[in-house]
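1. Here's my sequence, what's the structure:
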Amino acid sequence: MFFDRPAPGSKAMLVFIRNKTSDLATHEEVEELARSAGMAVVGLIESARRDPHPKTMVGSGKVDEIKIAAESAGANLVLFSEDLSSTQERNLEGALDLRVLGRTGLILEIFAQRARTHEGKLQVELAQLEHSASRLVRGWTHLDRQRGGAGAGLGGAGETQLEADQRLLAARNKKIKERLERVQRQRHQSRRARVRSETATVALAGYTNAGKSTLFNRLTQSAVHAADQLFATLDPTLRQISLPLTGKAVISDTVGFIRALPHGLVESFKATLEEVTEATLILHVVDASAGEKQARMDAVNAVLGEIGAREVPQLLVLNKSDIQGVTGPPVRRDAAGKPYSVQVSSLTGVGLPELLSCIDELISDDVVTTVLSLKPEQGMIRAKCFELASVIEEVMDENGTIAMHLRIEKKNLARLNAALTAMKAG
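-> This next block holds a predicted model:
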């Protein structure tokens, strides 16, 4: 009702704005965004501007150039690499006689196509409504038309179309937020259950198309959709993984980040992104072969800061290390000896054992090496030692007593000792 989506297969003329922030993006990235939305880029025009034109972003001369190029290429849509105000969007559409879409509108279109779960669809619709609100407030002149009152000559002039749309938009916005709050409460309950069971949570985060979903599938033997495209994964997925020392952990795969991820999307997806803010450890997945990887890492950290996850411990996962030109030690450690980066290839599996060991090391509590002496009838405790994956070796003497050599977290050792004490008391 409040937003109309571009037709599938739209032919788009891309306008790439070079300004003080464009060093963090390339027109190739914007073209990839367009392709991810199912559009065909039929032309590219660049405009170097230090400051945006308040009415049209690019100025009247460039608008004329865009119009001629779009007509020549048969475009039915014009995409801008930067966000447009509602006034700029309206003026451009009037001058070009074509649908105009800014960066936020383009990303919203991709998200609308990719949402699969009920929660994901609600989050996308909320972001679209928030984006549309500003377009209604400063939008089209036809929305000023008045709707008739209740009966000829009775009452006032009635509400305008703009007021009616604003009222309907506000009502829908409130309804979606109420539904998302219910989903959020369910997430909190699931998270509390994990906390009670002391299950660590590892969250994947990273720039879109860094290979997070492929890595997730490798670690969990899952079949989450993974593709060489931006925002291939939108809906969050949680799976359990086994670790050599700490046993079980939950790993979550969430939406990829991008430079200047629209604030409305961050707000709308906060319920989903809480899986990142509440994680024990964040795996910051980076495409190690990307030339602008530092800028991408900075963009991801900016979003992590925006959602309140800046203080969550991170392990840098340098993915796609099988690509020629990626060098360096497989695991790098800080001055305290803790790992802070690991090289992997989610495609070939190289480096995954080292990655699991690093995760294990970073999420484990104090680890001790000890020996537990068990009698033959205490086989249940022996089985628990193996379940915790803590056994270095076991040695049995001539009386059947088993010496279990363990490398184990203190909290798990305390549980084993408590179970032994209970068995003796019984």
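
2. any idea what sits nearest residue 357, other than its immediate chain neighbours?
-> With sequence-adjacent residues excluded and distances taken as CB to CB, 6 or more residues apart in numbering, residue 357 is closest to residue 244, at 6.6 Å. Just so you know, the C-beta spots here come from the backbone N, C-alpha and C atoms, and that holds for glycine as well.

3. buried residues in the helix or strand where residue 128 lies?
-> Following DSSP states H and E, one finds residue 128 within helix 118-137. Buried positions in helix 118-137, judged by neighbour count with 16 or more other CB atoms under 10 Å: 119-133, 135-136.

4. helices and strands around that helix, which ones?
-> helix 86-96, helix 103-114, helix 161-196, helix 263-268, helix 270-277 (3 or more CB pairs under 8 Å, 6 or more residues apart in numbering; DSSP states H and E).

5. just the CA coordinates of it, formatted as CSV?
-> Listed in CSV are the C-alpha atoms of helix 118-137, where the atom choice follows Å, rounded to 0.1, in the frame of the first residue of the first chain:
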residue,chain,number,x,y,z
HIS,A,118,7.6,-15.1,9.4
GLU,A,119,9.9,-13.0,11.6
GLY,A,120,12.1,-12.0,8.7
LYS,A,121,9.2,-10.9,6.6
LEU,A,122,7.9,-8.8,9.6
GLN,A,123,11.3,-7.2,10.0
VAL,A,124,11.6,-6.3,6.4
GLU,A,125,8.1,-4.8,6.3
LEU,A,126,8.8,-2.8,9.4
ALA,A,127,11.9,-1.3,7.7
GLN,A,128,9.9,-0.6,4.5
LEU,A,129,7.2,1.2,6.5
GLU,A,130,9.8,3.3,8.4
HIS,A,131,11.4,4.2,5.1
SER,A,132,8.0,5.0,3.5
ALA,A,133,7.0,7.3,6.4
SER,A,134,9.4,10.1,5.4
ARG,A,135,8.2,9.8,1.8
LEU,A,136,4.6,10.3,2.9
VAL,A,137,5.4,13.3,5.1
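
6. Off-centre distance for it?
-> 18 Å (CA atoms, centre = their mean, to the nearest Å).

7. what's the average pLDDT for that helix?
-> Mean pLDDT, helix 118-137: 72.

8. same deal with stretch 313-330?
-> Rounded mean pLDDT across stretch 313-330 is 82.

9. and the end-to-end length of it?
-> End-to-end distance of stretch 313-330 (CA to CA, to the nearest Å): 20 Å.

10. Can you give me the buried ones in it?
-> For stretch 313-330, the neighbour count (16+ other CB under 10 Å) marks 314, 315, 316, 317, 318, 319, 320, 321, 322, 330 as buried.

11. What of stretch 167-186?
-> 169, 173, 176, 180, 183, 184.

12. contacting residues for the closest residue to the third one other than its chain neighbours?
-> Right, the one you point to is residue 176. Nearest residue to residue 176, sequence neighbours excluded (CB to CB, 6+ apart): residue 126, at 4.8 Å. By CB atoms under 8 Å, 6 or more residues apart in numbering, the contact set of residue 126 is 173, 176, 177, 180, 268.

13. how about those residues in a markdown table, adding distance to residue 77 and pLDDT?
-> Output for the contacts of residue 126, formatted as a markdown table (distance: CB to CB, whole Å; pLDDT from 0 to 100):
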| residue | distance to residue 77 | pLDDT |
| --- | --- | --- |
| 173 | 27 | 78 |
| 176 | 27 | 80 |
| 177 | 31 | 81 |
| 180 | 30 | 75 |
| 268 | 24 | 62 |
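
14. Distance to residue 341 for those residues - can I get that in CSV?
-> Formatted as CSV, the contacts of residue 126 follow (distance: CB to CB, whole Å):
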residue, distance to residue 341
173, 42
176, 40
177, 39
180, 35
268, 32
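
15. Now flag whichever of those residues is closest to residue 215.
-> residue 268 (25.5 Å; CB to CB).

16. For residue 72, which non-adjacent residue is closest in space?
-> Nearest non-adjacent residue to residue 72 (CB to CB, 6+ apart): residue 43, at 7.8 Å.

17. Residue 69 is in contact with that neighbour, correct?
-> Yes: between residue 43 and residue 69 there is a contact under CB atoms under 8 Å: 5.3 Å.
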